[in-house]
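Enquirer: fold the following, please.
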Amino acid sequence: MGKNKYFSTKSVFGQLISLIDDSMVQKAVEKYDSDRYVKSFKSQDHLFSLVFCCLEKCNSLREVAQGMLGLSGKEETVRINHLPKKSTLAD
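Expert: Okay, here's the model as predicted:
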């Protein structure tokens with residue numbers, strides 16, 4: 001049985017995010033026009049922050065923001081364009 005090298009260097013969060021199809025998310029964004037007035041924190045980033053919140057069992061926005069701050073420098077592997085601040089998540 002050969003080793004699969006696709007998931008070898010990614011974190012568990014990165015592996016879960018890689019299973020979400022970009023075209024499916026983009027189709028939903030276009031259907032509901034959810035990024036219409038958004039500057040930097042797009043719908044896909046919001047989806048990934050919600051997945052992170054559920055995976056890490058966060059109880060507050062501060063925990064989500066601080067936990068995602070730990071992903072800084074790894075944005076390419078987890079496909080996050082903008083790491084949210086607490087006030088951005090509250091909006």
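
Enquirer: name the helix or strand for Glu30, please.
Expert: Using DSSP states H and E, Glu30 sits in helix 22-32.

Enquirer: how about that helix, which residues are buried there?
Expert: Under the neighbour-count criterion of 16 or more other C-beta atoms under 10 Å, helix 22-32 has Val25, Val29 buried. Bear in mind the C-beta positions are built from the backbone N, C-alpha and C, glycine included.

Enquirer: just list what the helix or strand just after it packs against, helices and strands only.
Expert: The helix or strand immediately downstream of helix 22-32 is helix 43-56, counting by DSSP H and E. If you count contacts as 3 or more C-beta pairs under 8 Å, 6 or more residues apart in numbering; DSSP states H and E, helix 43-56 packs onto helix 12-18, helix 22-32, helix 61-69.

Enquirer: dump those into a markdown table; add mean pLDDT as well.
Expert: Converted to a markdown table, the helices and strands packed on helix 43-56 look like this (pLDDT from 0 to 100):
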| stretch | mean pLDDT |
| --- | --- |
| helix 12-18 | 85 |
| helix 22-32 | 95 |
| helix 61-69 | 91 |
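
Enquirer: let's have these in JSON lines, adding distance to Glu76.
Expert: Formatted as JSON lines, those follow (distance: least, C-beta to C-beta, whole Å):
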{"stretch": "helix 12-18", "distance to Glu76": "10"}
{"stretch": "helix 22-32", "distance to Glu76": "14"}
{"stretch": "helix 61-69", "distance to Glu76": "15"}
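
Enquirer: give me the contact list for the lowest-mean-pLDDT helix or strand in the chain.
Expert: The weakest-scoring helix or strand in the chain, judged by mean pLDDT, DSSP states H and E, is helix 75-78 (a mean of 73). By C-beta atoms under 8 Å, 6 or more residues apart in numbering, the residues outside helix 75-78 that reach it are Thr9, Lys10, Ser11, Phe13, Gly14, Ile17, Phe48, Leu71, Asn81, Leu83.

Enquirer: so who does the fifth one touch?
Expert: Applying C-beta under 8 Å, 6+ apart, we find Gly14 in contact with Lys74, Thr77, Val78.

Enquirer: what about the first one, neighbour count?
Expert: Other residues near Lys74 come to 13 when the count uses other C-beta atoms under 10 Å.
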